[in-house]
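Novice: sequence first, then the predicted structure, then my questions.
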Amino acid sequence: QLLCEGHYTPMQNLLREQPGFVHSRNLVVLVIDFLQAVLSEETITDDELPLLKQCLATIVEFLQGCKANQMAAFKVDIVDAVNSLLRNRVLAAMPHEKSEEVYTTVALLLQSLLEENSIENIETAHELTNLLDMSQVAARMSIYYKLTRTLRHKHGLHLHRFESAEEKVVKEIAFSYFHVLIRLVDLIGFDVKPLLAAEDVRHAYERLQAQTASVEIVRHGQLHRIHFMQTNTAYLRDEIKAEVKWKVNRSSPQDKVGDFVTRCKVIMADIDYLKWMLQLSPLTRLAINESFWWTQAFYLVTFLLNFLMLATWNAPPDPRIIDPEYSITWYDPVFYTLASIHVLLSYIVMQTFFLVHPLWMPRFITSFFSTYLFRTHKNIFDSAGTRVAPYSTVAIHHFAILVFSILGLFYGGYFYCYHTLHLVVNNDLLGRVIKSVTKNGRSLVWVAVLIIIIIYIYSIASFAFLRRHFNRDDGAFCETLWQCFITSVNQGPRNGGGIGDILPPSTLEFSETGLRVFFDFSFFAVVNIIGLNVVFGIIVDTFSELRDERYTIINADETECFICSQKSAEFERNGRGFIHHRKHEHNMWHYLQFFMHLKEKNPSDYNSHEQFVSDSLASKSLSMFPINRALALEHVQTNDEDEKMTALNAKLDAIAEQLHELVGARVREQRRRQRMALRADSEADTNV
């Protein structure tokens with residue numbers, strides 16, 4: 001068995017036949033014969049059980065990924081041994097802890113016979129439905145699924161309880177037998193309805209089907225479908241899905257899939273971290289799982305406080321006093337009650353954010369927190385795929401939420417206006433408005449610097465020649481160059497006519513008036529018209545670019561498969577429709593869950609497809625993805641190829657017929673000429 005570990009094909013073939021040896025022995029057949037000898041007696045003792053398990057595990061390693069060994073096993077009636085095990089009453093009566101490994105290996109053996117979509121496997125599937133006791137397969141699926149429910153009741157049914165190791169093993173056995181049935185449906189359209197007559201079998205089948213996902217891969221040029229059990233759906237947050245949807249590189253199908261795989265590695269690390277945090281304590285679980293309602297409560301209290309201030313605040317007579325006046329007597333108890341609740345909710349919102357998005361910190365600090373705060377020797381922050389920098393805008397904002405809430409409690413509520421900005425965090429439209437300014441922020445900053453330089457030049461001219469026109473009563477100061485500069489920056493861009501609006505018209509000679517016209521109009525043209533419109537143009541163009549980019553992504557998402565890049569019209573004409581294809585056949589999140597499935601599974605338990613995908617991910621190869629291919633369209637492409645071949649053959653036949661006619665005409669012409677030559681010779685002889 002160990003010689004074939006990892007689906008090592010050369011050794012699997014060598015065990016079947018040894019070319020060049022004097023005597024070749026088919027060890028695959030010999031081990032199966034040995035298994036049948038062990039099963040010749042109906043009783044299975046505890047002493048024979050380890051031998052039976054090892055024998056089955058060895059056969060599975062011989063067969064997985066090796067088509068020739070699978071055919072050899074099928075020819076020596078391996079199905080009879082499987083039926084014998086499924087029908088064995090002694091084995092069925094054993095405690096599930098003893099028999100579960102045998103039943104697991106039996107299911108894996110059946111899966112190994114059906115793992116590919118080749119013609120040989122389709123023929124095997126047809127024969128398997130006639131030879132295999134399908135009722136026993138369905139019964140075993142139902143028994144183990146019912147056992148998972150029993151174990152769940154045993155360990156408790158509270159909402160956020162994590163599955164025990166025993167539950168996972170039993171559930172995987174039930175899924176293994178379900179997998180056999182669903183593979184028969186894939187290969188030959190097997191009708192499972194007769195097997196689902198019993199209510200418990202039907203319920204088990206439907207529940208397992210709801211928890212099953214599938215992906216399609218390309219292996220050795222052929223498309224294959226892989227079914228697996230979903231286990232991490234609860235940890236995939238909508239925030240992560242939205243980030244991948246809007247930010248993945250869509251420049252080409254290969255770049256899109258490659259960027260998706262890269263992001264999947266980060267997402268898987270985030271999921272591991274989130275699972276750890278949820279298992280850490282009931283408080284972290286409550287904070288994270290109910291984060292939506294904490295945020296809604298935070299919004300509610302924030303707007304209640306601001307509405308209370310709007311409705312009750314009056315200005316004090318002395319303008320130097322900032323504390324407002326209010327006439328109602330119940331203001332203080334209501335305000336301080338809401339303010340205290342607001343501080344608590346602000347802390348929960350901030351803490352929840354940083355639980356899900358850990359701050360980037362040096363390793364010795366994270367190790368300290370893990371050891372002394374979370375009481376674990378494992379650095380829990382190691383698995384966090386994405387971290388938030390302490391100086392990032394979103395981190396500073398969440399720190400400010402708590403700080404301003406405390407300041408609002410002690411300073412009469414002036415700081416609660418800041419918390420209304422939290423709406424931007426979870427609002428996509430407002431986020432794009434902010435991004436339209438920040439995306440080209442560098443360009444805007446440099447344009448602003450240029451405008452300030454131009455205003456500075458004009459302020460020097462104002463200080464030199466026009467400072468007597470600045471009126472202090474109108475807020476125009478120019479006693480120093482600094483005052484001239486600040487006044488020009490403050491008043492110039494804000495006035496519709498530029499700096500000239502705050503300077504009285506000249507009453508001196510026409511020559512000075514002409515200079516004022518040039519000064520005022522040039523400032524107005526350069527700063528107010530050109531400068532500010534350049535700024536507005538950058539913002540508007542960026543917003544339009546973001547809008548067009550969003551429309552392009554939405555259109556691609558609605559009309560094109562993310563994985564295979566085939567258009568939706570192809571699936572509407574063929575297959576079961578584009579929505580079914582995108583949801584069940586090429587669901588991008590199923591690929592992520594499949595990668596998580598491989599990460600959590602013991603590599604020694606991989607089947608050949610899983611081993612192939614794992615090796616492809618390790619080597620960063622994208623050849624496993626069905627780009628421009630889908631099983632739903634394979635028969636259409638085959639029909640198209642057949643039609644092309646038929647048309648080509650028809651053209652070749654027409655060309656051959658034309659050639660035949662040309663050759664015949666030439667032969668006839670040659671014969672006519674020969675007859676004419678003979679006739680001429682005959683006439684010449686007669687004349688002689």
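Specialist: Good, I have the coordinates. Residues are numbered from 1 along each chain as shown.
Novice: low pLDDT regions in the protein?
Specialist: Low-confidence segments of the chain (pLDDT under 70): 42, 155-163, 361-386, 505-512, 635-647, 649-650, 679, 681-688.
Novice: hmm, 50 instead?
Specialist: Along the chain, segments meeting pLDDT under 50 span 157-161, 364, 372, 377, 379-380, 383, 637-640.
Novice: strands of that one, residue ranges please.
Specialist: 212-219, 222-229 (DSSP state E).
Novice: ok, and what's touching the last one?
Specialist: Read it as strand 222-229. Strand 222-229 has contacts (Cβ atoms under 8 Å, 6 or more residues apart in numbering) with 115-118, 171-172, 175, 179, 182-183, 186, 208, 211-218, 585, 593-594, 597, 609-610, 613, 626, 629-631, 634. Every C-beta, even on glycine, is put in place using the N, C-alpha and C of the backbone.
Novice: for the first one, same thing?
Specialist: With Cβ under 8 Å, 6+ apart as the test, strand 212-219 has contacts from 175, 178, 182, 223-230, 563, 584-587, 590-591, 593-594, 609, 612-613, 623-626, 629-631.
Novice: also stretch 415-429?
Specialist: If you take Cβ under 8 Å, 6+ apart as the criterion, stretch 415-429 is touched by 242, 295, 298-299, 302-303, 305-306, 309, 342, 346, 349, 394, 397, 400-401, 404-405, 407-408, 430-431, 434.
Novice: for Arg467, which non-adjacent residue is closest in space?
Specialist: Distances taken as Cβ to Cβ, 6 or more residues apart in numbering put Cys478 closest to Arg467, at 4.1 Å, once the chain neighbours are dropped.
Novice: so the one you found sits against Ile486, correct?
Specialist: No: with contact defined as Cβ atoms under 8 Å, Cys478 does not count as touching Ile486 (9.6 Å).
Novice: between these two, who's got more neighbours?
Specialist: Between Cys478 and Ile486, counted using other Cβ atoms under 10 Å, Cys478 has the larger neighbour count: 23 against 14.
Novice: tell me how many other residues surround the residue lying closest to Ile182 once chain neighbours are set aside.
Specialist: Sequence neighbours aside, His227 is the residue nearest to Ile182 in space, at 5.6 Å (criterion: Cβ to Cβ, 6+ apart). His227 has 17 neighbours, counted by other Cβ under 10 Å.
Novice: repeat for Leu14
Specialist: Neighbours of Leu14 (other Cβ under 10 Å): 16.
Novice: ok, so what distance separates it from Leu3?
Specialist: Using Cβ to Cβ, to the nearest Å, Leu14 is found at 9 Å from Leu3.
Novice: for the stretch 501-650 of the chain, what spans make up the helices?
Specialist: 510-523, 532-559, 568-573, 578-580, 588-600, 608-618, 631-687 (DSSP state H, counting those that start in this stretch).
Novice: rewinding a little: which among the contacts of strand 222-229 end up buried?
Specialist: In the contacts of strand 222-229, burial by neighbour count holds for 115-117, 171-172, 175, 179, 182-183, 186, 208, 211-218, 585, 593-594, 597, 609-610, 613, 626, 629-631, 634, counting by 16 or more other Cβ atoms under 10 Å.
Novice: what's near enough to touch the nearest residue to Ile451 once chain neighbours are set aside?
Specialist: Nearest non-adjacent residue to Ile451, counting by Cβ to Cβ, 6+ apart: Gly531, 4.4 Å away. Gly531 sits next to 447, 450-451, 454, 493 when contact means Cβ under 8 Å, 6+ apart.
Novice: how does it look with 10 Å?
Specialist: 447-448, 450-452, 454-455, 492-493, 525 (Cβ atoms under 10 Å, 6 or more residues apart in numbering).
Novice: check Ser488 too.
Specialist: By Cβ under 10 Å, 6+ apart, the contact set of Ser488 is 452, 454-463, 470, 476, 478, 498-499, 502, 523, 527.
Novice: and it, how close does it get to Thr129?
Specialist: 89 Å.
Novice: residues in contact with the residue nearest to the spatial centre of the chain?
Specialist: By Cα atoms, centre = their mean, the mean C-alpha position of the chain lies nearest to Trp589, the distance being 4.5 Å. Contact partners of Trp589, counting by Cβ under 10 Å, 6+ apart, are 213, 230, 232-233, 236, 240-241, 244, 264, 267, 562, 583.
Novice: the contacts of stretch 415-429, buried ones only, as a ChimeraX selection?
Specialist: Those of those that count as buried under 16+ other Cβ under 10 Å are selected in ChimeraX with:
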select :295,298,299,302,305,309,342,346,349,397,400,401,404,405,407,408
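Novice: among the contacts of stretch 415-429, which ones are in helices?
Specialist: Judged by DSSP state H, the contacts of stretch 415-429 include 242, 295, 298-299, 302-303, 305-306, 309, 342, 346, 349, 394, 397, 400-401, 404-405, 407-408, 430-431, 434 as members of helices.
Novice: quick revisit: among the contacts of Ser488, name the buried ones.
Specialist: By neighbour count, with 16+ other Cβ under 10 Å, the contacts of Ser488 hold 452, 454-455, 458-459, 462-463, 470, 476, 478, 498-499, 502, 523, 527 as buried.
Novice: which of those residues sits closest to Pro50?
Specialist: Ile452 (83.7 Å; Cβ to Cβ).
Novice: and the nearest residue to that closest one once chain neighbours are set aside, what is it in contact with?
Specialist: Once flanking residues are discounted, Ile452 sits nearest to Val489: 6.8 Å by Cβ to Cβ, 6+ apart. Going by Cβ under 10 Å, 6+ apart, Val489 touches 451-452, 455-456, 459, 499, 527.
Novice: among those, which one lies nearest to Arg387?
Specialist: Closest to Arg387, out of all of those and judged by Cβ to Cβ, is Ile452, at 36.5 Å.
Novice: show me what contacts the closest one?
Specialist: 459, 485, 488-489, 493, 527, 531.
Novice: farthest-apart pair in those, please.
Specialist: Phe485 and Gly531 (16.1 Å).
Novice: let me know how buried Leu274 is, in neighbour terms.
Specialist: Counted with other Cβ under 10 Å, residues neighbouring Leu274 total 21.
Novice: is it in contact with Ala234, as I believe?
Specialist: Yes: here Leu274 reaches Ala234: they are 9.4 Å apart, a contact under Cβ atoms under 10 Å.
Novice: all helices for the stretch 201-350 of the chain, in order.
Specialist: 238-247, 253-280, 282-289, 291-312, 331-356.
Novice: helices and strands around the fourth one, which ones?
Specialist: Helices and strands touching helix 291-312, by 3 or more Cβ pairs under 10 Å, 6 or more residues apart in numbering; DSSP states H and E, are helix 282-289, helix 331-356, helix 393-410.
Novice: take the ones you listed and write them to a markdown table, including distance to Lys256.
Specialist: A markdown table is the format used below for the helices and strands packed on helix 291-312 (distance: least, Cβ to Cβ, whole Å):
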| stretch | distance to Lys256 |
| --- | --- |
| helix 282-289 | 31 |
| helix 331-356 | 27 |
| helix 393-410 | 27 |
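Novice: so which of these comes closest to Arg576?
Specialist: Proximity to Arg576 (Cβ to Cβ) singles out helix 282-289 among those, at 35.1 Å.
Novice: that older thread, from Ile454, how far out is the residue nearest to Ile452?
Specialist: Distance, Val489 to Ile454, using Cβ to Cβ: 11 Å.
Novice: shared neighbours of these two, anything?
Specialist: Shared contacts of Val489 and Ile454, counting by Cβ under 10 Å, 6+ apart, come down to Val527.
Novice: all set now, cheers.
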